[in-house]
Each structure stands twice: as structure tokens, then as C-alpha cells.
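*Asks:* Sequence first, then the predicted structure, then my questions.
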Amino acid sequence: MFAYCADPKSLEGLQWLSCYLTSGSHMSFYASFLTVLVLLAVTAPVALAFGYAGAMAGRSGAAPLRWLGKGYMAMVRGIPDVVFFLFFVVALDQGLEYVLHFARCSDWAEPVRQGLEFRVCPAAKIPPNNAPQVVHQIYGFALAVLTFAIVFGAFAANVLTGAMKAVPRAQLETAESYGMNNRQINRRILVPQMWIYALPGLSNLWMILIKATPLLFILGVQDIVYWAQQLGSMKTQAYSYPHPDWRLGYFLSLLVFYLCMTKASELVLDRITARLSRGQAIVKQSGASA
């Protein structure tokens, strides 16, 4: 970054620190914070879409669709997140490559399963082996977003189902008596009013999603936890910037980052709650008159 950083071993004091904090590895560490923020920004609406679809499917009058919605909520919510993340990413990746293998390499003679190994033809690899590194990173990030969205979408579906049930039944019956069909009732009455009931549960899911972002590490994405572990561990003289074990300091910075994220989220969610509460009927308790 700086001209005097050409020979790190000759540096001392603030010069050494300035070069250390602006090294290529640290730039990747700083960029990983943006990776977490992008993950949250993309995953939240996608998970909410999964949740809304699951909740509506669970309320459907068609039995197969209702079973699918309820099965989605029950299955994903009943599996530990770590287990699902490890299984789903591997299963989806291998499943896509397996389909492409038979579509593109019909003349391939070797079996795909060879003992404990999974081998497909080069044309079926996703992404291709010769693809740039950024393509592999985008693909891994997309898998992470999809996995997070499916998991948290199941919890969101359960929250939205409860919120839909909390909307006063009398209002739905009144709309039906005015001749509205189910689609009109859902669009004009049910969905607009359910959000105030769903917001507390969705707020908790947002906080849990923030705290779950370190799971990116097990999905192969170089997130802030990965870089904190790599940069903070002890570096010997074989490295450009040798130092003792500084992981405590790095993880302390992550602690501050997540605390700031949750505090900012609380402030935003409070404003959203106040806005959605406008026009809602509030029951006031009055003392007994003498």
C-alpha cells in the first residue's frame, strides 16, 4: 500500500503497523465485512419470499400443496442448521453436476461413484475447472444465499402462518360477505394486516440470521471469521509480518461489529413497528371509576 512497505522486516512501530493493516490479506478481511452485509441484504428478502410461499401453501385448500407447505416448515425447522448446511450444499452441488454429466457426457464410460469419490466429466463441473476464481467465489456465495434462504424461510413461514391466524376472523368474514373471493381477501385484508403480528417474530429471525452469518465459514466462503482466524493466529518469522497469537483482538473486533449490527437493527425495527402500528386498534385499560 505504501512505498516503505517493500521490506516489512525493516519496519518498526507505526510504520510496521500501517503496512500490516494495509496488507493484501487485511484488505480481504475488510472486504469480507461487505460480504456479510451483502449476504444479509440478499438473503432476507429471498428467505421472506420462501416463507410467504410456504405459509400460503400451508393454508392452501389443495391437499398436496398444503402437505408440501407444512412438510417444508416441519422438515427444515427440525434439522440443525449446521447439518442442513453441510448436507444441502453438497447434495445440490453434486445433484446439478450429476444431471449435467448425463446430459453432456453420454459417452463417459467410468462410473460417477467410485468408492468414496464423486467424479463427473470436466464438461459437467459447476463452475468449470478453468473458470476464473471470481466465478467460483460467486457460485459459492450463491449456494450460501440459497441455503440460508431455505433454512430461515421455513422459520419465516411458521411466523407468517401464526400472523395470518392472528388477523381477526370477523374481518375476513365481512370481506367475504361483500363478495370478495379468496385472492381479494388475501391481498386486501389478510396480508396487509398480518405484518404487525408477524414483525416481532421476523425481528427475532433477523437477529438470528445476523448471528448465523459465521456459518459462511463452513460453506467455504472466506468470511470475517475465516480471516480473523487466519490473521490472528501466531505468525513466525517465515511470514512477512510475524506476530504472536492475536486472535483475541481480532475476535473482539467481530464482537463489536455484531453488537453494532444488532443495535442498528433494533433501531430500524422499532421504527418499522411504529409505522405499521399506525391505524391499528389499541385497547386501553381505564381504572374503575369511583
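*Replies:* Great, that's in hand.

*Asks:* Assign S106 to helix, strand or coil.
*Replies:* On the three-state scheme (DSSP: H, G, I helix; E, B strand; the rest coil), S106 is labelled coil.

*Asks:* Tell me the spacing between the nearest residue to W195 once chain neighbours are set aside and F152.
*Replies:* Of all residues beyond its chain neighbours, the one nearest W195 is L276 (5.6 Å), with distances taken as Cβ to Cβ, 6 or more residues apart in numbering. Placement of C-beta: from N, CA and C, glycine included. L276 is 21 Å from F152, where distance means Cβ to Cβ, to the nearest Å.

*Asks:* Comparing these two, which shows the higher neighbour count?
*Replies:* F152 (25 against 16; other Cβ atoms under 10 Å).

*Asks:* who are the neighbours in contact with that one?
*Replies:* 43, 47, 50-51, 205, 208-209, 212 (Cβ atoms under 8 Å, 6 or more residues apart in numbering).

*Asks:* Report the buried members of those.
*Replies:* 43, 47, 50-51, 205, 209, 212 (16 or more other Cβ atoms under 10 Å).

*Asks:* from the contacts of F152, which single one is nearest F141?
*Replies:* Closest approach to F141 among the contacts of F152 (Cβ to Cβ): T43, at 10.5 Å.

*Asks:* Could you measure from the residue nearest to W195 over to A142?
*Replies:* Taken as Cβ to Cβ, the span from L276 to A142 is 32 Å.

*Asks:* cool, F87 as well?
*Replies:* 17 Å.

*Asks:* now swap in K235 and tell me
*Replies:* 33 Å.

*Asks:* Then Y72?
*Replies:* Distance from Y72 to A142, by Cβ to Cβ: 21 Å.

*Asks:* who has more neighbours, these two?
*Replies:* Ranked by neighbour count (other Cβ under 10 Å), Y72 and A142 place Y72 first, with 21 against 11.

*Asks:* What helices and strands are in contact with the helix or strand encompassing the more buried one?
*Replies:* Y72 belongs to helix 63-77 when assigned by DSSP states H and E. Contact partners of helix 63-77 among helices and strands, from 3 or more Cβ pairs under 8 Å, 6 or more residues apart in numbering; DSSP states H and E: helix 24-58, helix 133-166.

*Asks:* just those: most buried one?
*Replies:* helix 133-166 (a mean of 19; mean count of other Cβ atoms under 10 Å).

*Asks:* after that helix, next one along is what?
*Replies:* Using DSSP H and E, the first helix or strand after helix 133-166 is helix 169-177.

*Asks:* For the helix holding Y72, list the C-alpha coordinates in PDB.
*Replies:* Coordinates of each C-alpha in helix 63-77 appear next as PDB, following Å, rounded to 0.1, in the frame of the first residue of the first chain:
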ATOM      1  CA  ALA A  63     -54.100 -31.100  -0.100                       C
ATOM      2  CA  PRO A  64     -50.800 -31.800  -1.900                       C
ATOM      3  CA  LEU A  65     -49.900 -28.100  -1.800                       C
ATOM      4  CA  ARG A  66     -50.800 -27.900   1.900                       C
ATOM      5  CA  TRP A  67     -48.800 -31.000   2.700                       C
ATOM      6  CA  LEU A  68     -45.800 -29.500   0.800                       C
ATOM      7  CA  GLY A  69     -46.000 -26.300   2.800                       C
ATOM      8  CA  LYS A  70     -46.400 -27.900   6.100                       C
ATOM      9  CA  GLY A  71     -43.700 -30.500   5.300                       C
ATOM     10  CA  TYR A  72     -41.300 -27.800   4.300                       C
ATOM     11  CA  MET A  73     -41.800 -26.000   7.600                       C
ATOM     12  CA  ALA A  74     -41.500 -29.200   9.700                       C
ATOM     13  CA  MET A  75     -38.600 -30.700   7.900                       C
ATOM     14  CA  VAL A  76     -36.300 -27.700   7.700                       C
ATOM     15  CA  ARG A  77     -37.100 -26.400  11.200                       C
END
